[in-house]
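A.B. asks: Here's a sequence, model it:
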Amino acid sequence: MVLSRELNAEMLKIALPLLVSNLAGVLLGVTDTFFAGQLGTVALGAVGLGVMWYFTLFLLLRGTVGSAVPFISQAYGAKDNARVGRWLNNYLVLVVALLPALILFLPLLTWLIGISGAKPEVQTLALEYAKVRIFEVPFALLSTVLISFFIGIGNSRIPMLVNWGVVLGNVLLNWIFVYGQFGAPKLGLVGTAVGTIISVAIGASILSVLAWQQTKIYPVRFAIPKRNEWLEMLRVGLPMGFLEMLEVSAFTAFIALTARISTEALAASQIGNQISSLAFMPGFALGSATASLVGRYIGAKDLETANTATFTGVRLGMIWMGAIGIAFWILATPLAKIFSSEPAVIQLTTDLLRLMAFYQLFDAVNIVFRSALLGTGDTQFPAIITLIFAWTIMVLGGYIILQNGGGLLALWGAPFAYLTLLAIIYWQRWNTGHWKTSTLGV
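C.D. replies: Got it, this is the predicted structure:
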């Protein structure tokens, strides 16, 4: 059994680069938003609308191929290098197999943007942006598999460095294609999508070269996966994809409910959501590190250490996110003033951030236990829980609160209740020991 002190060090060794890497992921979206903002209000609204629905659809595919982590980490823990290479090959083939699904993206995006209720000029520009952004999907899925490979073998520094390279490249390429620098065509808003596609493609190419160097240790022999391997990948991967898509779409629907209260309430919710997205980063970084370590120790048949690793992740998550919760309470008003000068919005945002301060601990427990379950390949249970509770408690519950005259804080009690319930459910699921029978890809 590995000592708790050693697990702390190993957890942080994986999680800290992932935390920095996650920040790069957020800034990738911020870059497009910044350049869109320079083109006017219509362009800014269009990129927000286009990204929202494009990303919701993309999450289904990304979550599916991201399920490579438990397969690779368990093989790595078992010191079965050939099996690591086999599952890397299988997931690369899965990326190719999923690409025909892209023919559904355009009609779905057209429909989703059409029912958004945005002004016609915003819808038109959003669809132009999203139609180009679709070409990013093959490179983004390839990057997801390769990043999952590196996380699975415990190397999170490479994803961190590559992701930051992608962000810096995106800034430069957006500037070139939005404004037509160095003889490039001046594409306006579409230029932000072109810049993102090229930067992600370059990142995928770099990851491919670095992963290829690892095949000396983890040999990849191209082969079509066997029938049982296809079934196993889809059994584990599809629920992960649906889980991500369902949760994000439910939260998008919830944010839309805040507009029914007032414009100020919507603005405060958007600000609170943006700030809290930064607070989630330590939790998600620790969650990914926990998933990697749990898979590794399950592969090594060391279930006691796998269990200790999970509770180590939970403890560190509660410390990190608890500290963020305290900062939310103390700095609520100064943070609100960064984003707005309107007294009503500042007051609502202050109240909302102080409510968010309370559920940071519950969210830490939720994120890490769920990640640990996903790291064992237990993906169907979290997907079902998300489907049931995200839309009943958060969306339907929020709607009922509004119908009964609830204000903004009462409305935000719905996601608070949702996250608290998830923390309890996933904790109980882990304690049942169901995960101890996990044997992926053997």
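A.B. asks: Okay, domains of the protein per the record?
C.D. replies: Domain segmentation of the chain under automatic domain parsing yields 1-225, 236-442.
A.B. asks: Make a markdown table out of those and add mean neighbour count and mean pLDDT.
C.D. replies: Every C-beta, even on glycine, is put in place using the N, C-alpha and C of the backbone. Listed next are the domains of the chain as a markdown table, based on neighbours: other Cβ atoms under 10 Å; pLDDT from 0 to 100:
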| stretch | mean neighbour count | mean pLDDT |
| --- | --- | --- |
| domain 1-225 | 19 | 89 |
| domain 236-442 | 20 | 88 |
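A.B. asks: Which residue would you name as the spatial centre of the chain?
C.D. replies: residue 244 (7.3 Å; Cα atoms, centre = their mean).
A.B. asks: Give the helix, strand or coil label for it.
C.D. replies: Classification of residue 244 using DSSP: H, G, I helix; E, B strand; the rest coil returns helix.
A.B. asks: Over to residue 155?
C.D. replies: Under three-state DSSP, residue 155 comes out as coil.
A.B. asks: One more: residue 439?
C.D. replies: coil.
A.B. asks: Compute the distance between it and residue 69, please.
C.D. replies: Separation of residue 439 from residue 69 (Cβ to Cβ, to the nearest Å): 16 Å.
A.B. asks: Ok, residue 183 next?
C.D. replies: 43 Å.
A.B. asks: With residue 315 instead?
C.D. replies: 22 Å.
A.B. asks: tell me the contacts of residue 375?
C.D. replies: 69, 70, 73, 290, 291, 292, 293, 294, 295, 298 (Cβ atoms under 8 Å, 6 or more residues apart in numbering).
A.B. asks: What strand or helix carries the fourth one?
C.D. replies: Of the helices and strands defined by DSSP states H and E, residue 290 is found in helix 263-299.
A.B. asks: what about that helix, distance to the chain center?
C.D. replies: How far helix 263-299 lies from its chain's middle: 8 Å, per Cα atoms, centre = their mean, to the nearest Å.
A.B. asks: For the helix or strand following it, name the packing helices and strands.
C.D. replies: The helix or strand immediately downstream of helix 263-299 is helix 303-339, counting by DSSP H and E. On a contact count with 3 or more Cβ pairs under 8 Å, 6 or more residues apart in numbering; DSSP states H and E, helix 303-339 meets helix 4-37, helix 263-299, helix 343-358, helix 360-375.
A.B. asks: Reformat these as CSV; add distance to residue 397.
C.D. replies: Below are the helices and strands packed on helix 303-339 laid out as CSV (distance: least, Cβ to Cβ, whole Å):
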stretch, distance to residue 397
helix 4-37, 28
helix 263-299, 16
helix 343-358, 15
helix 360-375, 16
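A.B. asks: Just tell me which of those helices ends up closest to residue 156.
C.D. replies: helix 4-37 (4.1 Å; Cβ to Cβ).
A.B. asks: Give me the helices and strands touching that closest one, please.
C.D. replies: Checked by 3+ Cβ pairs under 8 Å, 6+ apart, helix 4-37 has helix 41-65, helix 157-179, helix 189-214, helix 263-299, helix 303-339 packed alongside it.
A.B. asks: Contacts only, for the residue nearest to residue 342 when sequence neighbours are not counted.
C.D. replies: With Cβ to Cβ, 6 or more residues apart in numbering as the criterion, residue 342 has its nearest non-adjacent residue at 7.0 Å, and that residue is residue 264. If you count contacts by Cβ under 8 Å, 6+ apart, residue 264 has them with 342, 344, 345, 348.
A.B. asks: and what of residue 52?
C.D. replies: residue 252.
A.B. asks: Please tell me how far the residue of the chain positioned farthest from its centre sits from residue 198.
C.D. replies: The centre of the chain is farthest from one residue, residue 183, which by Cα atoms, centre = their mean lies 35.9 Å away. Distance, residue 183 to residue 198, using Cβ to Cβ: 16 Å.
A.B. asks: From what I see, residue 395 and residue 255 are in contact.
C.D. replies: No: applying Cβ atoms under 8 Å as the test, residue 395 and residue 255 come out as separate, 10.3 Å apart.
A.B. asks: so who does residue 214 touch?
C.D. replies: Taking Cβ under 8 Å, 6+ apart, one finds 149, 153 in contact with residue 214.
A.B. asks: mind redoing it with 10 Å?
C.D. replies: 81, 84, 85, 88, 146, 149, 150, 153, 155, 158, 220 (Cβ atoms under 10 Å, 6 or more residues apart in numbering).
A.B. asks: May I ask which two of those are separated the most?
C.D. replies: The most widely separated members of the contacts of residue 214, counting by Cβ to Cβ, are 81 and 158 (17.9 Å).
A.B. asks: Now intersect the contacts of residue 214 with the helices, please.
C.D. replies: For the contacts of residue 214, the ones inside helices are 81, 84, 85, 88, 146, 149, 150, 158, with DSSP state H as the criterion.
A.B. asks: just curious, which of those residues is nearest to residue 177?
C.D. replies: residue 146 (25.6 Å).
A.B. asks: wait, doesn't that closest one sit right on residue 204?
C.D. replies: Yes: judged on Cβ atoms under 10 Å, residue 146 makes contact with residue 204 at a distance of 7.3 Å.
A.B. asks: Now list whatever residues contact both of those two.
C.D. replies: residue 162.
A.B. asks: Tabulate the contacts of residue 264 (TSV), appending distance to residue 35.
C.D. replies: Listed next are the contacts of residue 264 as TSV, based on distance: Cβ to Cβ, whole Å:
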residue	distance to residue 35
342	25
344	30
345	25
348	29
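A.B. asks: Return the closest of those residues with respect to residue 309.
C.D. replies: Using Cβ to Cβ, the contacts of residue 264 come closest to residue 309 at residue 348, 40.3 Å.
A.B. asks: State the distance from the residue nearest to the closest one when sequence neighbours are not counted to residue 223.
C.D. replies: Nearest non-adjacent residue to residue 348, counting by Cβ to Cβ, 6+ apart: residue 268, 3.7 Å away. Between residue 268 and residue 223 the computed distance is 54 Å (Cβ to Cβ).
A.B. asks: before we move on, the earlier item: who wins for proximity to residue 173 among the helices and strands packed on helix 303-339?
C.D. replies: helix 4-37 (9.5 Å).
A.B. asks: Could you figure out how far the closest one is turned away from helix 189-214?
C.D. replies: For helix 4-37 against helix 189-214, the angle by axes from the mean of the first three to the mean of the last three Cα atoms, to 10 degrees is 150 degrees.
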